[in-house]
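Sequence and predicted structure, then a few things I'm wondering about:
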Amino acid sequence: MPTLELQPQSKEPPLIADVHNYWKHKRGTRPFPRRQDIVPAEIKKWLPYILLADVIDGGADFRYRLVGSRLHSFFPAVPTGKVMSEALAPFGEDTVRKTLDTYGAVLTLGEPLRVKGDGAWYGQPPKYFEVILTPLSDDGVSVNMIFGAFDFMWNFADMNDEPVDEVIWETAVEALR
């Protein structure tokens, strides 16, 4: 059965830890850093794994503003500039819903969300992933962007298509609300 952990207690992999620490540094004493605080020259080595997504209609959808080059291969087409519901549609409605719910949880929490698991949760080929999704806010109150980093590892040992347990998924997302 594919697994998924929200806010896992395990040690963050180096990329995820570095991006998370960068976000905390940029936030300082404020609730959220601003988009302008994220300086590409400061995160050059992470850019291939980074994404920026605009919040649309309070989290009803998100628009991929920036998707790092290492992430492109996980999409059927270049996602930059597309809304998630469009860019992820080839993976099916279930994947779109789960992805929007995950990003929406960052808005609900008002803090970074770390997710770790099997790509099968999101209709993806056999791989494991870990992601940090962090909130950005231009006004310091409303989250208007998500800044994230993805770390992937192919899962060659488990190439089967096991069904996803919807009860586990719904329970995990509901716990974040």
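Received the coordinates, thanks.

only C-alpha atoms for contact and neighbour calcs from this point on.
OK.

so Ala77 makes contact with Leu88?
No. Counting by Cα atoms under 8 Å, Ala77 sits too far from Leu88 to count as a contact (9.4 Å).

Settle it for me: which of these two has more neighbours?
Taking neighbours as other Cα atoms under 10 Å, Ala77 and Leu88 compare with Leu88 leading, 23 against 12.

I'd assumed Lys98 was in contact with that one.
No. Shown here, Leu88 and Lys98 do not form a contact pair, counting by Cα under 8 Å, at 10.5 Å.

Averaged pLDDT, the longest helix along the chain. What do you get?
Ordering each helix of the chain by length in residues (DSSP state H) puts helix 93-109 first. Computed over helix 93-109, the mean pLDDT rounds to 91.

So for it, what gets flagged as buried?
Burial within helix 93-109, assessed by neighbour count using 16 or more other Cα atoms under 10 Å, is assigned to 95-107.

How confident was the prediction at His72?
In this model, His72 carries a pLDDT of 84.

contacting residues for it?
78-79 (Cα atoms under 8 Å, 6 or more residues apart in numbering).

Spell out the secondary structure type for it.
helix (DSSP: H, G, I helix; E, B strand; the rest coil).

Other residues contacting stretch 54-63?
Residues contacting stretch 54-63 (Cα under 8 Å, 6+ apart): 53, 64-65, 80-85, 100, 103-104, 107, 143-146.

End to end on that stretch, go ahead and measure it.
5 Å (Cα to Cα, to the nearest Å).

same question for it, mean pLDDT?
Rounded mean pLDDT across stretch 54-63 is 97.

Could I get the buried residue list for it?
54-55, 59, 61-63.

Farthest-apart pair in those residues, please.
Gly59 and Arg63 (10.0 Å; Cα to Cα).

and the residue nearest in space to the middle of the chain, what are its bridge partners?
Nearest to the mean C-alpha position of the chain, by Cα atoms, centre = their mean, lies Leu133 at 4.7 Å. Leu133 has the following beta-bridge partners by DSSP bridges: Leu113, Gly148.

give the contact list for it.
Per Cα under 8 Å, 6+ apart, neighbours of Leu133: 103, 106, 112-114, 146-149.

Now flag whichever of the residues you listed is closest to Leu47.
For those, the nearest to Leu47 is Ala149 (8.6 Å; Cα to Cα).

Relative to Glu130, how far out is the closest one?
8 Å.

Please enumerate the shared neighbours of the two.
Ile16.

more crowded one of the two?
Each of Ala149 and Glu130 has its neighbours counted (other Cα under 10 Å); Ala149 has more, 26 against 23.

Check Asn160 and give its pLDDT.
Asn160 is given a pLDDT of 41.

ditto for Asp165
At Asp165, pLDDT is 45.
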